[in-house]
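> Build me a structure from this.
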Amino acid sequence: MISPLHKAFIKNIHLFNELADNQLGQVYDHARICNLSKEQPLFAQGENVEKFYMVYSGLVKLFRVSADGQEKVIEIVTPGQTFGEALMFLDHAEYPVSATALNEAEVIAFDSRQFVKMLDGSSETCLLLLGAMSQRIRGLVQEIDNLSVQNGRHRLSSYLLDLAGDRSCFKLPVPKAVLASRLSIQPETFSRIIKQLKTASAINIDGSNVEIVDRDQLEEYAMI
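Numbers count the residues shown, from 1 in each chain. All right, here's what the predicted structure looks like:
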């Protein structure tokens, strides 16, 4: 059973906040909590799809492994984000990625078959789902565009600025190797870019602790 805190959390997420009370009740009845330790797998690429998920706390890494064993991080899922929901509409679907907790994480699992059954009587919720999936697709298209036209320094500078917001000091939420893979930067190139940014006095970085020293310089790199 899920707690009242989990129910309140679910109700405020875009995928569920337009549901009627009786629909939410069905969602709650078929939701389960998955407590994951650091680096614990949630599911593997190629497994049959039975559930979709939402992160309640912690971070979850979605990734694929190539034929030569190279790992490519597709997405880092943060609290409040769902993943795997589009697959519920496919017959005999398999997960196209693997999912693993980056740190201690609490994930809410939803029964895909039951959710689709519940949607049978709600065209409004179907439209809401289509809107959410369209936003996800637009984000992926934008990412492909960025990978095509931006170099590694640009992508890393933009990421650091987005992560910092108005702050000058912050912590990287994920290990550098994971971040490099997420930004499609080779590890040795990632290290070289970090060194360049430090040499240019744009940032200081010590482990996972980052300080933006010259925001104007970093913004210039992000625009190149």
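> ok, then the element right after the lowest-mean-pLDDT helix or strand in the chain?
With mean pLDDT, DSSP states H and E as the measure, the helix or strand of the chain carrying the lowest mean pLDDT is helix 123-149 (a mean of 64). Sequence-wise, the next helix or strand downstream of helix 123-149 (DSSP states H and E) is helix 152-164.
> Need the residues that contact the helix or strand following that following helix.
For helix 152-164, the succeeding helix or strand toward the C-terminus, using DSSP H and E, is strand 169-171. Counting contacts by Cβ atoms under 8 Å, 6 or more residues apart in numbering, the residues outside strand 169-171 that touch it are 163-164, 208-212. Just so you know, the C-beta spots here come from the backbone N, C-alpha and C atoms, and that holds for glycine as well.
> strands paired with strand 169-171, and their directions?
Strand 169-171 has its sheet partners listed here by DSSP bridges as strand 209-212 (antiparallel).
> tell me the mean pLDDT for the strand it pairs with?
For strand 209-212, mean pLDDT rounds to 96.
> List the buried residues of that strand.
Residues of strand 209-212 classed as buried under the neighbour-count rule (16 or more other Cβ atoms under 10 Å) are 210, 212.
> Report pLDDT for the residue most central in space within the chain.
Among the residues of the chain, Val77 comes closest to the average C-alpha position under Cα atoms, centre = their mean, at 2.3 Å. According to the model's per-residue confidence, Val77 sits at a pLDDT of 94.
> separation between it and Ser66?
Separation of Val77 from Ser66 (Cβ to Cβ, to the nearest Å) stands at 21 Å.
> Could you write out the alpha-carbon coordinates of stretch 183-202 in PDB?
Included here for stretch 183-202 are C-alpha records, laid out as PDB according to Å, rounded to 0.1, in the frame of the first residue of the first chain:
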ATOM      1  CA  LEU A 183      26.000  14.800 -22.700                       C
ATOM      2  CA  SER A 184      27.500  12.400 -25.300                       C
ATOM      3  CA  ILE A 185      31.100  13.500 -24.500                       C
ATOM      4  CA  GLN A 186      33.900  10.900 -24.300                       C
ATOM      5  CA  PRO A 187      35.400  10.700 -20.800                       C
ATOM      6  CA  GLU A 188      38.800  12.000 -21.900                       C
ATOM      7  CA  THR A 189      37.200  14.900 -23.800                       C
ATOM      8  CA  PHE A 190      35.100  15.700 -20.700                       C
ATOM      9  CA  SER A 191      38.200  15.900 -18.500                       C
ATOM     10  CA  ARG A 192      39.900  18.100 -21.100                       C
ATOM     11  CA  ILE A 193      36.900  20.500 -21.200                       C
ATOM     12  CA  ILE A 194      36.800  20.700 -17.500                       C
ATOM     13  CA  LYS A 195      40.500  21.600 -17.500                       C
ATOM     14  CA  GLN A 196      39.800  24.300 -20.200                       C
ATOM     15  CA  LEU A 197      37.000  25.800 -18.200                       C
ATOM     16  CA  LYS A 198      39.200  25.900 -15.100                       C
ATOM     17  CA  THR A 199      42.200  27.400 -16.900                       C
ATOM     18  CA  ALA A 200      40.000  30.100 -18.400                       C
ATOM     19  CA  SER A 201      38.800  30.800 -14.800                       C
ATOM     20  CA  ALA A 202      35.200  30.200 -15.800                       C
END
